[in-house]
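*Asks:* got a predicted structure plus its sequence, pasted below:
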Amino acid sequence: MLEPNADEFLQSQNGCRIRKFDPSSYKWDEWKILFDTYLSMEGVTDDVRKLYLLILALGVQPFSGRSLRTS
């Protein structure tokens, strides 16, 4: 596996990191375990926050100024 560069990681304020999803490096099920562990270590329980972090980890830019919820 190649060494990651800085933009391949999401890093929290307390130092936990999660590698951005790369299908050439990880199977989805393996990466999801890493992502779920990251969420647990960070204490993330809010579903909207989880979705936001997932979108970032997949490399998709979220819409700025728009809510992910429609209600």
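*Replies:* Received the coordinates, thanks. Numbers count the residues shown, from 1 in each chain.
*Asks:* for the longest helix anywhere in the chain, name the packing helices and strands.
*Replies:* In the chain, with assignment by DSSP state H, the single longest helix is helix 28-42. In terms of contacts (3 or more CB pairs under 8 Å, 6 or more residues apart in numbering; DSSP states H and E), helix 28-42 is packed against strand 17-19, helix 47-57. Every residue, glycine included, has its C-beta placed from N, CA and C.
*Asks:* the shortest one pairs with which strands?
*Replies:* For strand 17-19, the paired strands and their directions (DSSP bridges) read strand 9-11 (antiparallel).
*Asks:* coming back round to it: pull out the buried residues from the longest helix of the chain.
*Replies:* By 16 or more other CB atoms under 10 Å, the buried positions in helix 28-42 come out as 31, 35, 38, 39, 42.
*Asks:* most packed of the helices and strands packed on helix 28-42?
*Replies:* Highest mean neighbour count among those (mean count of other CB atoms under 10 Å): strand 17-19, with a mean of 18.
*Asks:* ok, residue 21 - contacts?
*Replies:* Residues in contact with residue 21 (CB atoms under 8 Å, 6 or more residues apart in numbering) are 28, 31, 35, 57, 58, 59.
*Asks:* need those in a markdown table with distance to residue 17 and pLDDT, can you?
*Replies:* Shown next, in a markdown table, are these (distance: CB to CB, whole Å; pLDDT from 0 to 100):
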| residue | distance to residue 17 | pLDDT |
| --- | --- | --- |
| 28 | 19 | 92 |
| 31 | 13 | 91 |
| 35 | 11 | 92 |
| 57 | 11 | 87 |
| 58 | 16 | 87 |
| 59 | 16 | 81 |
